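A.B. asks: A structural model of the following input is requested.
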Amino acid sequence: MELTDYLRIFRKRGWIVILVALVAAASAFGFSKLQTPVYSASVKLSVNPARADWGLSITTKDLLRNYVENIRTHKMAQEVIDRAQLDMNTTALLDKLFVSPAADTFTLQIEARDTDPEVAMTIAQTMAEVFVEERDAWNQRQDKRDRIEVSILDNVWNLGYQQYSPNTKINTAAGGLFGLLVGLLVVFFLEWLEQDVIRSAADVERVIGVAVLGSIPSTPSDGGERGAPERRRLIPARRSA
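C.D. replies: Residues are numbered from 1 along each chain as shown. The predicted model follows:
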């Protein structure tokens, strides 16, 4: 197909593409507004070896993954529930808790998500405090040169919270893009169904590749009826030898 064909299709059926895209975007926007917002709060912990020793630094990096597993235990979750007086069991709390290690910066990020932002902040902050206390108790049994200090970089109450989902802007944009693709498929499907239908002189010229010189109106002897809308026969020009 040539560019002129695409332009012809767009002029003829472009409104379908636009309409489907708008409907899809509006649907995605409405669906996002109907969802219950989920909020996220996080605390970052700094994990520092007691001395600037290469071997101890490597050990600290390896321990970060172990710390993640220690935080995500039912024992730690129960301690957080008891201390913060949360109305949930340990399984529910762990479903809201996400821990990410960063070996290059010697940090751990504790993130909590909940439909109540206050609950999310409470879980994140309390878990950070419980883990720091647990590490402090462990360090008391170690030689000072072998200790690995864990501290809270910033209080969650200073950082606040943010909405995790739904992301209305992204959902609306994605819905509009999906509608655009669906609209294009619908348009090309309709064009495919009508590719053999000839309705005008332009269609004749496009199909057989020659100019139309004129047309003959239908008469009753041609099978038409008096009073019926006029029909025409299209007469293509002869090809030159």
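A.B. asks: elements contacting the top strand by length along the chain?
C.D. replies: Longest strand in the chain by number of residues (criterion: DSSP state E): strand 38-49. Applying 3 or more CB pairs under 8 Å, 6 or more residues apart in numbering; DSSP states H and E, one finds that strand 38-49 contacts helix 54-71, strand 107-114, helix 117-139, strand 148-152, helix 156-159, strand 162-165. Using the backbone N, CA and C atoms, a C-beta is placed for each residue, glycine as well.
A.B. asks: would JSON lines of those with mean neighbour count, distance to A25 and mean pLDDT be doable?
C.D. replies: Output for the helices and strands packed on strand 38-49, formatted as JSON lines (neighbours: other CB atoms under 10 Å; distance: least, CB to CB, whole Å; pLDDT from 0 to 100):
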{"stretch": "helix 54-71", "mean neighbour count": "14", "distance to A25": "39", "mean pLDDT": "83"}
{"stretch": "strand 107-114", "mean neighbour count": "22", "distance to A25": "27", "mean pLDDT": "93"}
{"stretch": "helix 117-139", "mean neighbour count": "19", "distance to A25": "28", "mean pLDDT": "92"}
{"stretch": "strand 148-152", "mean neighbour count": "16", "distance to A25": "42", "mean pLDDT": "88"}
{"stretch": "helix 156-159", "mean neighbour count": "14", "distance to A25": "33", "mean pLDDT": "84"}
{"stretch": "strand 162-165", "mean neighbour count": "13", "distance to A25": "18", "mean pLDDT": "87"}
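A.B. asks: V99: which of these is closest?
C.D. replies: Closest of these to V99 is helix 54-71, at 4.6 Å (criterion: CB to CB).
A.B. asks: neighbouring contacts of the closest one?
C.D. replies: The contact list for helix 54-71 (CB atoms under 8 Å, 6 or more residues apart in numbering) reads 47-50, 76, 97, 99-103, 106, 108, 110, 127, 131, 134, 146, 148, 150.
A.B. asks: helices or strands up against the host helix or strand of I81?
C.D. replies: Remark: I81 resides in helix 74-84, with elements defined by DSSP states H and E. Packing contacts for helix 74-84, counted by 3+ CB pairs under 8 Å, 6+ apart, involve helix 90-95, helix 117-139.
A.B. asks: save the ones you listed as a markdown table, and put in distance to S32 too.
C.D. replies: What follows is these, written out as a markdown table (distance: least, CB to CB, whole Å):
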| stretch | distance to S32 |
| --- | --- |
| helix 90-95 | 22 |
| helix 117-139 | 18 |
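A.B. asks: between these, which gets nearest to S42?
C.D. replies: Here helix 117-139 is closest among the helices and strands packed on helix 74-84 (CB to CB), at 5.7 Å.
A.B. asks: can you give the distance from the closest one to the centre of its chain?
C.D. replies: 31 Å (CA atoms, centre = their mean, to the nearest Å).
A.B. asks: and stretch 88-104, by the same measure?
C.D. replies: 22 Å.
A.B. asks: just the mean pLDDT for that stretch, thanks.
C.D. replies: Stretch 88-104 comes out with an average pLDDT of 92.
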